[in-house]
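S.K.: The sequence and its predicted three-dimensional model are supplied below.
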Amino acid sequence: MAELSRGNFGSKLGVILATAGSAVGLGNIWRFPYMAGQNGGAVFIIIYLACVLILGIPCMVSEFIIGRHGASNTARAYSKLANGTAWKVVGYMEVLTGYLITGYYAVVSGWCCNYIYASIAGELKGDPTYVSQYFENFCSDPVRPVFWTVVIFLITHFVIVHGVRNGIEKASKWMMPTLFILLLVIVVAANLLPGSSKGVEFLLKPDFTKVDKDVFLGAVGQCFYSLSIAMGCLCTYASYFSRRTNIVNSAVQISLIDTLVAILAGLVIFPAAFSVGISPDSGPKLIFITLPNVFNEAFASIPWLGWLVSLMFYALLSLAALTSLMSLHEVNTAFFYEELHISRKKGAWIVTVSCGIIGAICSLSLSKHSGLVFFGKSLFDIFDFVTGQIFLPITGLLMCLFVGWYVPKNIVKDEFTNWGTLKGTFYGFYLFSVRFICPLLILAIFLHQFNVI
Ligand code: PHE
């Protein structure tokens, strides 16, 4: 009964859209296209797909197994399987990673919202220096980014307090299709620009000479982040899956949607950028400086279309960020309300207020003279580094070892095959991957980022 009162997803489509919503985020749009274009185009995409297959999907399936078996927040789900051993710490680590990411992810999500407003108000019109200055001024403003962080948190909060079915699932069911439609419309608009085909060529043309160890490990890291692995999101959402949810099929479908969105984002960015001869880069600079310039130039002769494309692009970005933020919020909300035995509403407020404060401090650390700079890095960058480079790989590694070596195999197999009602054709492959391939690959990216290998 206790499990029923937690709520669960009402439909298969709800499961797929909500979880794909967690996966599809800024990583798909501001990082993947650039990595693909720089690292061999179609060859990178094939390597990435291979990573998804041998690492991403097995890790996602593992988190689903832990989450659905636990039918509780991530920390407790691990504890249930850990049987009083120290393995339960991994669950707490996932929740902590999710918690630390929530604040600063919300800051960037807030920037996206501001850019919707700026597109509507025509604030992004101007020459390249103006656009770049606009971003610098905005980020280092003590008030506006904090304001937008609060706005996006309140929207997320509103969804979360409505629960799993009436909040997350309902919201995802309209947000994700809207995101897709926006994306498709912008892909068409970008590819109708004169000279856009060079961009498509850049993204998709296979170039084997670019492939080396760095490219391969880059793809591994991207796959990990993009699929929201090791931050409690997948595990928490899986705790709302029904016994009929086909875990393996769902993981495959979610990964495909995530990859498709990333490739389509590339089919917006490169054709538009190449049509005006601007070379795209990655990260915040790409979406907040380069792209507004690209839109200004590409649609210079039809300003209303440039206005519309810019508005649609930032709406798309905000939706992608929002659905990811919802999943991060839910990890913590579920943790607080179940562990502190309080209402869901109170749990959600704890997250909104505390992560809101972390977000505001991160945002303020970017303004000049804030004093929130340590070891030459802003607090914002420190959060990014600690969560992404340290917590994420360590937690991911431990998660694989836990499921691969510790959790009783009858439990793993039961969850994998829905208690024997599914064939479980890939079970052997899955187990091999989660025991050997995933831990080795994660260890490799962890060591690689510190130049050990
Ligand atoms: N997967 C998201 C992205 O691609 C990022 C994210 C990671 C979101 C972990 C939630 C949890 O941007």
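M.R.: Nice, I can see it.

S.K.: ok, the closest residue to the ligand within the stretch 301-450 of the chain - contacts?
M.R.: Nearest residue of the stretch 301-450 of the chain to the ligand (C-beta to the nearest ligand atom) works out as Ser324 at 3.6 Å. Any C-beta I mention is one placed from the backbone N, CA and C, and that applies to glycine too. Contact partners of Ser324, counting by C-beta atoms under 8 Å, 6 or more residues apart in numbering, are 21-26, 105, 109, 228, 233.

S.K.: ranking the residues you listed by neighbours, who comes first?
M.R.: Val24 (32 neighbours; other C-beta atoms under 10 Å).

S.K.: Could you measure from that one over to Val215?
M.R.: When distance is defined by C-beta to C-beta, to the nearest Å, Val24 is 23 Å away from Val215.

S.K.: Please give the element, helix or strand, for the nearest residue to Ile278 once chain neighbours are set aside.
M.R.: Nearest non-adjacent residue to Ile278, counting by C-beta to C-beta, 6 or more residues apart in numbering: Val294, 5.4 Å away. Using DSSP states H and E, Val294 sits within helix 291-298.

S.K.: now for that helix, which elements pack on it?
M.R.: Counting contacts by 3 or more C-beta pairs under 8 Å, 6 or more residues apart in numbering; DSSP states H and E, helix 291-298 packs against helix 128-139, helix 247-275, helix 303-339.

S.K.: Output the contacting helices and strands for the first one.
M.R.: Meaning helix 128-139. Using 3+ C-beta pairs under 8 Å, 6+ apart, helix 128-139 sits against helix 88-120, helix 144-161, helix 291-298.

S.K.: returning to that earlier point: format the helices and strands packed on helix 291-298 as CSV; extra columns: mean pLDDT.
M.R.: Formatted as CSV, those follow (pLDDT from 0 to 100):
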stretch, mean pLDDT
helix 128-139, 95
helix 247-275, 97
helix 303-339, 97
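
S.K.: Mind putting these into TSV with distance to Gly420?
M.R.: Shown next, in TSV, are the helices and strands packed on helix 291-298 (distance: least, C-beta to C-beta, whole Å):
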stretch	distance to Gly420
helix 128-139	54
helix 247-275	14
helix 303-339	29
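
S.K.: Report the contact partners of the residue nearest to Lys345 when sequence neighbours are not counted.
M.R.: In space, Lys345 comes closest to Val161 once its chain neighbours are excluded; the distance is 5.3 Å by C-beta to C-beta, 6+ apart. Residues in contact with Val161 (C-beta under 8 Å, 6+ apart) are 167, 344-345, 348.

S.K.: and those residues, which are buried?
M.R.: 167, 344, 348 (16 or more other C-beta atoms under 10 Å).

S.K.: would you turn the helices and strands packed on helix 128-139 into JSON lines with mean pLDDT and distance to Tyr130?
M.R.: Below are the helices and strands packed on helix 128-139 laid out as JSON lines (pLDDT from 0 to 100; distance: least, C-beta to C-beta, whole Å):
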{"stretch": "helix 88-120", "mean pLDDT": "96", "distance to Tyr130": "12"}
{"stretch": "helix 144-161", "mean pLDDT": "97", "distance to Tyr130": "17"}
{"stretch": "helix 291-298", "mean pLDDT": "94", "distance to Tyr130": "9"}
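
S.K.: Which one of these lies nearest to the ligand?
M.R.: helix 88-120 (6.2 Å).

S.K.: Distance from that closest one to the middle of the chain?
M.R.: Centroid separation between helix 88-120 and its chain, computed with C-alpha atoms, centre = their mean, to the nearest Å, is 9 Å.

S.K.: Stretch 43-58 too?
M.R.: 16 Å.

S.K.: That stretch vs the ligand: in contact?
M.R.: No - if you take C-beta under 6 Å from any ligand atom as the test, stretch 43-58 misses the ligand, and the best it gets is 11.0 Å.

S.K.: can you put the contacts of Ser324 in a markdown table and add distance to Asn137 and secondary structure?
M.R.: Shown next, in a markdown table, are the contacts of Ser324 (distance: C-beta to C-beta, whole Å; DSSP: H, G, I helix; E, B strand; the rest coil):
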| residue | distance to Asn137 | secondary structure |
| --- | --- | --- |
| Gly21 | 32 | helix |
| Ser22 | 32 | helix |
| Ala23 | 33 | helix |
| Val24 | 30 | coil |
| Gly25 | 26 | coil |
| Leu26 | 21 | helix |
| Tyr105 | 22 | helix |
| Ser109 | 19 | helix |
| Ser228 | 32 | coil |
| Cys233 | 33 | helix |
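
S.K.: That's all I had, so thanks and see you.
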